[in-house]
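> Show me how the following folds:
(one chain, ligands or ions: 2)
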Amino acid sequence: MSKALRHFLDINELPPKELRNMLAASVAMKAKLKAHEKGKKPLEGKTLAMIFERPSTRTRVSFDVGMRQLGGESIMLTGAEMQLGRGETIADTARVLSRYVDAIMIRILNHDALLELAAHATVPVINGLTRRSHPCQVMADLMTFEEHRGPIEGRTVAWTGDDNNVLASWAHAAERFKFTLNVATPPQLAPNKAMKDWIKATQAPIVLGNDPEAAVRGADCVVTDTWVSMGDKDGEHRHNVLKPYQVNAKLMSLAKKDAVFMHCLPAHRGEEVTDEVIDGPQSVVFDEAENRLHAQKGILAWCFDAVA
Ligand code: CP
Ligand code: NVA
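Ligands and ions are numbered 1, 2, ... in the order given. Okay, here's the model as predicted:
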């Protein structure tokens, strides 16, 4: 029987120990790179296909550079330039690409399309963001938090904004890594029933609410994201209801003195976060962006079952 494929689709699908190993590998590879030590090239001869149905700066560049640093190569594909854009099915695309490449990373809004791709691919598939989740981002965020503040277990992370893909991956991480996640969203933009049912079923340490001040009070980390995610159409409505959820100096002052501020970027300055906070001493947003590279390398090494 063939070995099970190591798809990286969502944080809550992997055992905490595997996730920990991935993070440890990322930290070790980062340290080696910083020390100008020659890293191993465990992915020599391997090719990653990257499919982008939507724009990307960080995910695209960090996966590409990460593959190169591990000795492999990547091919950049956009949905519109592929036959996928003319109606070829996701399943057939998966079958064909699996004959050429060794892994596939995809950014596609429809989460079911990601699952279909994984079901029909015979190589590992990585979730590079869907409407439902953004697990690669949160692996980098966990790495960043621990770099600045030590183990995340038992700590408190506060989310203020809408319910979106990044929040879902933070929720998955809270359950796997055992930290409290305080969530403040407007009632109209709160997590859906499926997420609420999952929280109940897993007894994940997640507190849902609508009050940003209550969520942030005493937190070790404050996180927000754009008010209008890719695929959202009701921009004006979102701006109106999300105004009270902005992370500004006043809100940030309610968190612990040494709390860090996180944002996956791109940021919409003056909307979900003020310049004062994102450029301030508590902000670690560019470390997060940098750690996308190192976290991605940990994810890639795991997908290929390679010792990095
Ligand atoms: N944070 C993030 O995923 O950024 P990109 O959209 O630039 O990849
Ligand atoms: N929630 C954002 C994240 C971008 C990286 C979006 O989906 O557009």
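> how about Arg155, what does it touch?
Each residue near Arg155 by CB atoms under 8 Å, 6 or more residues apart in numbering is listed here: 145, 149, 179-180, 220-221. For the C-beta atoms, the positions are set from N, CA and C on the backbone; glycine is no exception.
> got it, and Glu88?
By CB under 8 Å, 6+ apart, the residues touching Glu88 are Met82.
> quick one: pLDDT of it?
Per-residue pLDDT puts Glu88 at 95.
> Tell me if it really is in a helix.
No. Glu88 sits outside any helix when classified using DSSP: H, G, I helix; E, B strand; the rest coil, being coil.
> and the spatially most central residue of the chain, what pLDDT?
Closest residue to the average C-alpha location of the chain: Gln137 at 2.2 Å, with CA atoms, centre = their mean. What the model reports for Gln137 is a pLDDT of 98.
> Just give the closest residue to it, not the sequence neighbours.
Leaving out its chain neighbours, the residue that sits closest to Gln137 by CB to CB, 6 or more residues apart in numbering is Cys264, at 4.8 Å.
> pLDDT below threshold where in the chain?
Applying pLDDT under 70 to the chain picks out residues 1-2.
> Domain map for it?
Per automatic domain parsing, the domain ranges recorded for the chain read 11-133+291-303, 137-288.
> Would it be right to say that Lys257 lies in a strand?
No. According to three-state DSSP, Lys257 belongs to no strand; its state is coil.
> measure it to Asp220 for me?
According to CB to CB, to the nearest Å, Lys257 stands 10 Å off from Asp220.
> swap in Ala190?
Distance, Ala190 to Asp220, by CB to CB: 23 Å.
> I figured Asn192 hits Asp163, correct?
Yes. With contact defined as CB atoms under 8 Å, Asn192 reaches Asp163; the gap is 7.0 Å.
> Quick check, the residue in the stretch 101-250 of the chain closest to ligand 1?
Nearest residue of the stretch 101-250 of the chain to ligand 1: Gln137, at 5.3 Å (CB to the nearest ligand atom).
> So Lys257 and Asp220 - more neighbours on which side?
Under the criterion of other CB atoms under 10 Å, the comparison of Lys257 against Asp220 puts Asp220 first, with 21 against 6.
> Spit out the contact partners of the more buried one.
145, 149, 155-157, 255-256, 258-260.
> Out of those residues, which are close to ligand 1?
Counting by CB under 6 Å from any ligand atom, the subset of the contacts of Asp220 that neighbours ligand 1 is empty.
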